[in-house]
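A.B. asks: Return atomic coordinates for the entry below.
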Amino acid sequence: MNRKQFIVSTLFASILLTLVIIPITHQQIGGTYDPWLDYNEDGKIDVNDLHPLGQAYGTLGDPTKNVTTAGHVSKLIRAAVSVSVDPGPWGSWDSDLIWIDGYAKITILMTLNPSSLNCTSTVWAYDSSGITLWLVDTCKFERHWVKTYDVMNQQIRVLFYNINAFSITLNVDIYLVA
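C.D. replies: Got it, this is the predicted structure:
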């Protein structure tokens, strides 16, 4: 091999090596690191994160996910979304039993549309059987009502009464915090 061939082959090998190294060093150009996708929590998203996905493929369950923020686990429950409550003495809305076991505080937010002067709500707490109950609070409110409680029992139920002469649209959000 003469000197000219050696220089050309070295230059060609350098170009090939550069083409191989550039894609390896720039694999994350298209996106940013997402810790929710790093299932094995090793700091990189790779083929090892596919194993838990493969094991869970096809399963069903609750799509809400507990979120840890500053060491506090929280969960949002949308108990009522644009529920129409008829007027009159029998106009009411009653939530399902909501499990709160394992949480330290609950915050209940109610919103009415249109605003009203004749609406009341009660919050009840239940034991694990859902039979024994305690009255937690009764409130009268207009458009918005929000209150935070320390968790006392394992289940709660929210009841809303519309004593107006017109229908009301009700939204109820419940925030659980550990």
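A.B. asks: Just give me the longest helix of the chain.
C.D. replies: helix 3-25 (DSSP state H).
A.B. asks: How far away from the center of its chain is the helix or strand following that one?
C.D. replies: On the C-terminal side of helix 3-25, the closest following helix or strand by DSSP states H and E is helix 50-56. Helix 50-56 sits 22 Å away from the centroid of its parent chain (CA atoms, centre = their mean, to the nearest Å).
A.B. asks: what's the answer for stretch 163-176, then?
C.D. replies: 21 Å.
A.B. asks: State the mean pLDDT of it.
C.D. replies: Averaging pLDDT along stretch 163-176 gives 88.
A.B. asks: same check, this time on stretch 121-135
C.D. replies: In this model, stretch 121-135 has an average pLDDT of 76.
A.B. asks: Below-threshold pLDDT in this structure: ranges please.
C.D. replies: 1, 19-20, 22-31, 62-73, 152-153 (pLDDT under 70).
A.B. asks: mind giving me the domain ranges of it?
C.D. replies: For the chain, automatic domain parsing gives the domain ranges 3-56, 67-177.
A.B. asks: In CSV, list those along with mean neighbour count.
C.D. replies: Where you see a C-beta, it was placed from the backbone N, CA and C, and this is true even at glycine. CSV is the format used below for the domains of the chain (neighbours: other CB atoms under 10 Å):
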stretch, mean neighbour count
domain 3-56, 10
domain 67-177, 15
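A.B. asks: Against Phe141, how distant is the closest residue to Ile77 other than its chain neighbours?
C.D. replies: In this structure, Ile77 finds its nearest non-sequential neighbour in Ile174, 4.4 Å apart by CB to CB, 6 or more residues apart in numbering. According to CB to CB, to the nearest Å, Ile174 and Phe141 sit 16 Å apart.
A.B. asks: For Thr120, give me its contacts.
C.D. replies: Taking CB atoms under 8 Å, 6 or more residues apart in numbering, we find Thr120 in contact with Thr138, Cys139, Lys140, Phe141, Phe160, Tyr161, Ile163.
A.B. asks: Give the bridge partners for the fourth one, please.
C.D. replies: Beta-bridge partners for Phe141, by DSSP bridges, are Cys119.
A.B. asks: In contact with it, which residues?
C.D. replies: Contacts for Phe141 (CB under 8 Å, 6+ apart) come out as Met110, Leu112, Cys119, Thr120, Ser121.
A.B. asks: And for Trp124?
C.D. replies: The neighbours of Trp124, taking CB under 8 Å, 6+ apart as the test, are Leu133, Trp134, Leu135, Val136, Ile156, Arg157, Val158, Leu159.
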